[in-house]
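Peer 1: Got a sequence here, can you model it:
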Amino acid sequence: MSMNSKNLSVLAYSNGFTLWHYKTDDEKTVVTGQNYFNSVANIFNVGDLIVSSMDIDGTLTTSIFVVSSITSGVVVVSDIISPAS
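Peer 2: Residues are numbered from 1 along each chain as shown. Presented below is the predicted three-dimensional model:
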């Protein structure tokens, strides 16, 4: 599937940093895949954190990602915390 911006919300914002929450039916491998967040590249900053609830219609997975780079509209996120299931 593709990223659904309606499921992305701001939890906190300060000094150019945003803490986001994103929920999706997509699995983690899809969310961390290439180009997933590109459609919202203009609202992210490098260093933003995304708390993500994934595969909510199957086996729920929760992770925290950091926006590690944004180059020419290409968003790269890295998994920094992924609790054991």
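Peer 1: Off-centre distance for the longest strand along the chain?
Peer 2: Of all segments of type strand in the chain, defined using DSSP state E, the longest is strand 61-71. Counting by CA atoms, centre = their mean, to the nearest Å, strand 61-71 is centred 5 Å from the centre of its parent chain.
Peer 1: for that strand, which positions count as buried?
Peer 2: For strand 61-71, a neighbour-count test (16 or more other CB atoms under 10 Å) marks 61-67, 70 as buried. Where C-beta positions appear, they are placed from N, C-alpha and C, glycine not excepted.
Peer 1: Distance of the residue located most distally from the centre of the chain relative to Phe44?
Peer 2: Computed with CA atoms, centre = their mean, the residue of the chain farthest from its C-alpha average is Asn15, at 19.7 Å. Between Asn15 and Phe44 the distance is 15 Å, computed by CB to CB, to the nearest Å.
Peer 1: in the sheet, who's paired with the spatially most central residue of the chain?
Peer 2: By CA atoms, centre = their mean, the chain has its centre lying nearest to Ile50, at 4.6 Å. As for beta bridges, Ile50 partners with Trp20, Phe65 under DSSP bridges.
Peer 1: isn't it right up against Thr62?
Peer 2: No - between Ile50 and Thr62 there is no contact under CB atoms under 8 Å: 11.1 Å.
Peer 1: re the thing from before, show me the contacts for the residue nearest to the centre of the chain.
Peer 2: Applying CB atoms under 8 Å, 6 or more residues apart in numbering to Ile50 gives the contacts 20-22, 64-67, 77.
Peer 1: got it, and Val66?
Peer 2: Per CB under 8 Å, 6+ apart, neighbours of Val66: 47-50, 77-78, 80.
Peer 1: Now for those, which sits with the most neighbours around it?
Peer 2: Val77 (24 neighbours; other CB atoms under 10 Å).
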